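Chemist: The sequence and its predicted three-dimensional model are supplied below.
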Amino acid sequence: MPNFLLKRWHGYYLIALLSIAVLIAGILTLYQWQLGLLGFFSLAVAVVLLFRAKKYFEKELTEYISTLTYRVNKAGEVAVTNLPIGIVLYDEQRQIQWANPYIIEMKGASCVGESIASLEASLLNRLENGEHQFLLTVSNRKYRVVHEENERLLYFFNVTEEQEIKDLFEKDKTVIGLIYLDNYDEVTQGMEDQLRSRLLSRVTEALNRWSQKYDILLRRTAADRFFAVFNKETLAELEEDRFTILDEVREATGKEKVSLTLSVGIGSGHSLLRELGNLAQSSLDLALGRGGDQVAIKQKNGKVRFYGGKSNAVEKRTRVRARVISHAIRDFILESDKVFIMGHKNPDMDSIGSAIGMLKIVEANGKQGFIVLDPDDMNQSVGKLMEEIRKQENLANGFIAPEEAVEHATHDTLIVVVDTHRPSLVAEDRLLRRGEKIIVIDHHRRGEEFIEDAVLVYMEPYASSTAELVTELLEYQQNTPHLDVIESTALLSGIIVDTKSFAIRTGSRTFDAASYLKSKGADTTLVHKLMKEDLDQYIKRSKLIENSYIYTGGVAIAKGDPGEIYSQVLIAQAADTLLTMNNVIASFVISKIADNRISISARSLGEVNVQVIMESMNGGGHLTNAATQLQDLTLEETEELLKDKIEDYFKGGQST
């Protein structure tokens, strides 16, 4: 404690003693005045000494405060000058008014009077955007910048070492990969042992070279399965390389005149190995659900990136799964009080046809079923089909409006979704929340958006259409459903529309399904009648095609009139027509549709995976048939965006 403070305490003691002395002097005066007088004299002397001590104390206190203030100011000045923290003051014009020596050392020269941007070009934009704390790189060093906007003050904290440690930690995080040979069992079925051994040897050699190149731990767990462990730094290199291992395996097996492809599921972004394994398995399921020959990378936050997927899915040679799925669907129907069947919004012939096929399966099992259809959301072809259906009272009574379906749905109601697996595209998404049992039947490649908690999923990307899948399910029902002419025709229409009259995406099972429907009375003449279009629509489509041009590599692009509103069907038809032209391997049609949206319909002959391109624009579909819809863009902006995505695709870009 300072001396003057000790003296201050002594002063307090003196005051107390004086008070006691006054009291004693007063008492003495009562008994002997001489002693009282002496006491009061002594008291007067003490008071004088007390006042002198008080003045001396005040003087010392003033000197102490002055010294302390100087020391504090000096310490603050030294701290601001020598602390390893950069400090910058700037004026209203974003000009530097003052900077401490740390900033001068950081920049390598004085910056007073210069713009804030002289420290780093992006700094000015960050300040104007009102950012209060951010990372900034200056001369290969990283700084955390704290912005005190009211004081026009910036603090620079050097976090280079901290960021390097974080980056190293991120790069060294474990990644798990599951590798699956898509069609190994089918390709090697009946194959000679020597040829099978040579085929596996080629695949194994390609994978071993790949693992050695990128320092990957690779182990075979079965004849058609491999397990891989690496880190995030290696994953970044693989992504930069666009997973060329897919092409290498395809080319290596091609030398044996066999089409063998890889599917890879990768789990990343989690610290727990069990969770990484679950992510990898989920990614592999997603890759296989999209037709295989691709890589799916799933993060902890659920985001998925895709690479590859440029080859068409190989048709399955066995109907065992169709039979098993058919029997499982029958069990779910029998356990339900009623069944609601719905396709996607603005349904096409495949959606309606497959829904009618599922309705017949429900009726064959003695349950009540309804097809959910919005009468105000139909294209011309579906409208014609509905006119034919209304002539048959029994079938017409099987259709129900979305609002009515939601009202009558219960927890025991079975919901069957056909021709889509995206909840945002179903005819009535509220039904997905009302029913606890949901079945998904679709032929599109699986996208990132998917109906959750489905009790049964039957997705076969190899199939020409959902109508083909449903037709096979009909054949394996224990109680064979009775199909009349309009019902079998509706199913056949779905197959014909999606295969462009059996021109694309057709396999032997496609013709088997068509043959079965024909045997049940399907009328091809009626199909042709349903597909007819108006003359003015034909002219409008022709004008749209007239504006087409070849962009690159046999890719045709057509753009509609900015002042015209086109129907989705007309846009799709224009894309189909462009695909019939010489030297065109893929077509894209861009036009305005209702609600001020821009629609793109994409088609290909199989050489170009238009689904990958459309997915990169938040769309989806099939390898040869895809689409997307965009908002807040002009036709010209959409056209430029599409060109960029096409360029990315041909350069080997990722799919989403």
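Modeler: Perfect, thanks for sending it.

Chemist: which stretches of this protein have low pLDDT?
Modeler: Per-residue confidence of the chain (counting by pLDDT under 70) places the weak regions at 1-43, 46, 49, 64, 66-82, 309-318, 652-656.

Chemist: May I see the domains of it written out as residue ranges?
Modeler: 3-81, 85-164, 187-229+246-308, 320-531, 535-650 (automatic domain parsing).

Chemist: I'd like those laid out as CSV, including mean neighbour count and distance to Gly177.
Modeler: Placement of C-beta: from N, CA and C, glycine included. Output for the domains of the chain, formatted as CSV (neighbours: other CB atoms under 10 Å; distance: least, CB to CB, whole Å):
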stretch, mean neighbour count, distance to Gly177
domain 3-81, 12, 52
domain 85-164, 15, 27
domain 187-229+246-308, 18, 4
domain 320-531, 20, 19
domain 535-650, 18, 21
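
Chemist: Reformat the ones you listed as JSON lines; add distance to Leu181.
Modeler: Shown next, in JSON lines, are these (distance: least, CB to CB, whole Å):
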{"stretch": "domain 3-81", "distance to Leu181": "66"}
{"stretch": "domain 85-164", "distance to Leu181": "40"}
{"stretch": "domain 187-229+246-308", "distance to Leu181": "4"}
{"stretch": "domain 320-531", "distance to Leu181": "16"}
{"stretch": "domain 535-650", "distance to Leu181": "20"}
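
Chemist: Can you tell me the closest non-neighbouring residue to Tyr184?
Modeler: Closest residue in space to Tyr184, ignoring its immediate chain neighbours: Asp224 at 3.8 Å, by CB to CB, 6 or more residues apart in numbering.

Chemist: Test my guess that the one you found contacts Asn183.
Modeler: No: counting by CB atoms under 8 Å, no contact exists between Asp224 and Asn183, whose distance comes to 9.0 Å.

Chemist: and Phe134, that's in a strand?
Modeler: Yes: with DSSP: H, G, I helix; E, B strand; the rest coil as the criterion, Phe134 is part of a strand.

Chemist: how about it, what does it touch?
Modeler: When contacts are counted by CB atoms under 8 Å, 6 or more residues apart in numbering, Phe134 is found next to 126, 144-145, 147.

Chemist: let's see it at 10 Å
Modeler: Neighbour list for Phe134: 122-123, 126-127, 143-147 [criterion: CB atoms under 10 Å, 6 or more residues apart in numbering].

Chemist: Specify the beta-bridge partners of it.
Modeler: With DSSP bridges applied, the residues forming beta bridges to Phe134 are Val145.

Chemist: And the residue most central in space within the chain, how close does it get to Val440?
Modeler: Most central residue of the chain, judged by C-alpha distance to the mean C-alpha position with CA atoms, centre = their mean, is Lys303 at 4.2 Å. When distance is defined by CB to CB, to the nearest Å, Lys303 is 22 Å away from Val440.

Chemist: Next, the closest residue to Ile325 other than its chain neighbours: secondary structure please.
Modeler: Counting by CB to CB, 6+ apart, Tyr458 is the residue found nearest to Ile325 once chain neighbours are left out, at 4.8 Å. At Tyr458, secondary structure determined by three-state DSSP is strand.

Chemist: Tyr458 contacts Asp419, correct?
Modeler: No: here Tyr458 does not reach Asp419: they are 11.8 Å apart, not a contact under CB atoms under 10 Å.

Chemist: Could you look up the SS state of the nearest residue to Asn365 once chain neighbours are set aside?
Modeler: Closest residue to Asn365 apart from its sequence neighbours, by CB to CB, 6+ apart: Ile333 at 4.8 Å. At Ile333, secondary structure determined by three-state DSSP is helix.

Chemist: did I read that right, Arg220 in a strand?
Modeler: Yes: when three-state DSSP is applied, Arg220 is found to be in a strand.

Chemist: Contacts only, for the closest residue to it other than its chain neighbours.
Modeler: Once its chain neighbours are removed from consideration, Arg220 has its nearest residue in Phe226; the separation is 5.4 Å (CB to CB, 6+ apart). Each residue near Phe226 by CB under 10 Å, 6+ apart is listed here: 177-181, 203-204, 207, 211, 218-220, 262, 264.

Chemist: Okay, and which of these map to helices?
Modeler: Assigned to helices by DSSP state H, the following of the contacts of Phe226 qualify: 203-204, 207, 211.

Chemist: Max pairwise distance over the residues you listed: which two?
Modeler: In those, the most distant members under the criterion CB to CB are Val203 and Ser211, with 12.5 Å between them.

Chemist: who's in contact with Val146?
Modeler: Counting by CB under 10 Å, 6+ apart, Val146 has contacts 85, 132-134, 153-157.

Chemist: show me where the stretch 201-350 of the chain has strands.
Modeler: Assigned by DSSP state E, counting those that start in this stretch, the stretch 201-350 of the chain shows strands spanning 217-222, 225-231, 262-267, 294-298, 304-308, 339-342.
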